[in-house]
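*Asks:* the sequence and its predicted three-dimensional model are supplied below.
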Amino acid sequence: MSDRSSVEQEYLESKLERALDDAWSKVNIALDETSKSSADLAMGIWFAAEALEYSSLLFNLTYGLEDVKPTIKPRKGEAALVLVKDSMELLKRAREGRKRSAADAYVNLRTAADFLKSAHLAQVRKSTKKRE
């Protein structure tokens, strides 16, 4: 990170800010769809998970966190609504706390993305079983 110019750093931070805003929007949409049991639920969760993945990549690049490898406990069997709400809370903490501790915020982002991936897979399995 020290080899980076202030212009490059500002550029990355502005891209990260937009990515975090986009992720926030998509997680809100996924939460809304989860609350309504929408037919597009699995896709909405997938879009939110992808937005969080992209945000975490930019976060990693912006703050030079290549060595941070968060360990995330799998949360299989939990309701999609719980996982989406928890992801939203983690994203909120990451957005608010990134200036205090970039590493902690990054762990929150990675965890939120993982929770959404679990919720997405659970929804896909559930809809596949309904079709059989």
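*Replies:* Perfect, thanks for sending it. Small disclaimer: the values here were computed from a predicted structure and weren't measured.
*Asks:* quick one, what contacts Val124?
*Replies:* When contacts are counted by CB atoms under 8 Å, 6 or more residues apart in numbering, Val124 touches Ala42. All C-beta atoms are positioned from the backbone trio N, CA, C, and that covers glycine.
*Asks:* could you count how many residues lie near the closest residue in space to Glu33 that isn't next to it in sequence?
*Replies:* The shortest distance from Glu33 to any residue that is not its chain neighbour, by CB to CB, 6 or more residues apart in numbering, is 4.2 Å, and that residue is Gly44. Residues lying near Gly44 (other CB atoms under 10 Å) number 23.
*Asks:* show me what the helix or strand harbouring Gly44 is packed up against.
*Replies:* Assignment of secondary structure by DSSP states H and E places Gly44 within helix 41-63. Under the contact criterion of 3 or more CB pairs under 8 Å, 6 or more residues apart in numbering; DSSP states H and E, the helices and strands touching helix 41-63 comprise helix 6-36, helix 80-97, helix 102-131.
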